[in-house]
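**Q** The following comprises the amino acid sequence and a computationally predicted model.
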Amino acid sequence: MEVKNFKDCEDVKIEEFPFRGQMRKVIGTSVRWLSRQGDDGHGYPEYGLRYFTIQPGGEIPIHNHFYH
């Protein structure tokens with residue numbers, strides 16, 4: 001397992017996020033992937049640890065997580 005400082009991970013701005021077949025707008029939010037493992041076939045890791053930064057007034061739309 002690799003251990004990283006969150007500052008050493010790329011800070012990626014999130015523009016939109018899927019929910020029930022529709023892309024929903026994300027406001028003022030970014031993510032840093034601290035670890036990833038596996039792939040669900042759609043580019044999303046099966047397991048992962050993320051560090052979110054949400055600016056004042058930022059929003060993540062309603063969504064759900066599919067866990068095994």
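**A** Okay, I see it. Residues are numbered from 1 along each chain as shown.
**Q** pLDDT-wise, which helix or strand of the chain ranks last?
**A** strand 16-19 (a mean of 84; mean pLDDT, DSSP states H and E).
**Q** so where's the protein shaky on pLDDT?
**A** The chain contains residues with pLDDT under 70 at 1-3, 37-46, 64-68.
**Q** quick revisit: contacts for the next helix or strand after the least confident helix or strand of the chain, please.
**A** Once the chain leaves strand 16-19, the next helix or strand it forms, by DSSP states H and E, is strand 22-25. For strand 22-25, the surrounding residues in contact (Cβ atoms under 8 Å, 6 or more residues apart in numbering) are 15-18, 61-63. Any C-beta I mention is one placed from the backbone N, CA and C, and that applies to glycine too.
**Q** go with 6 Å
**A** 16-17, 61 (Cβ atoms under 6 Å, 6 or more residues apart in numbering).
**Q** wait, what's in contact with Phe17?
**A** Here Phe17 is in contact with 24, 26, 63 (Cβ under 6 Å, 6+ apart).
**Q** Sticking with the closest residue to Phe19 other than its chain neighbours, tell me its helix or strand.
**A** In space, and not counting its chain neighbours, Phe19 is closest to His63: 4.6 Å by Cβ to Cβ, 6 or more residues apart in numbering. Using DSSP H and E, His63 sits in no helix or strand.
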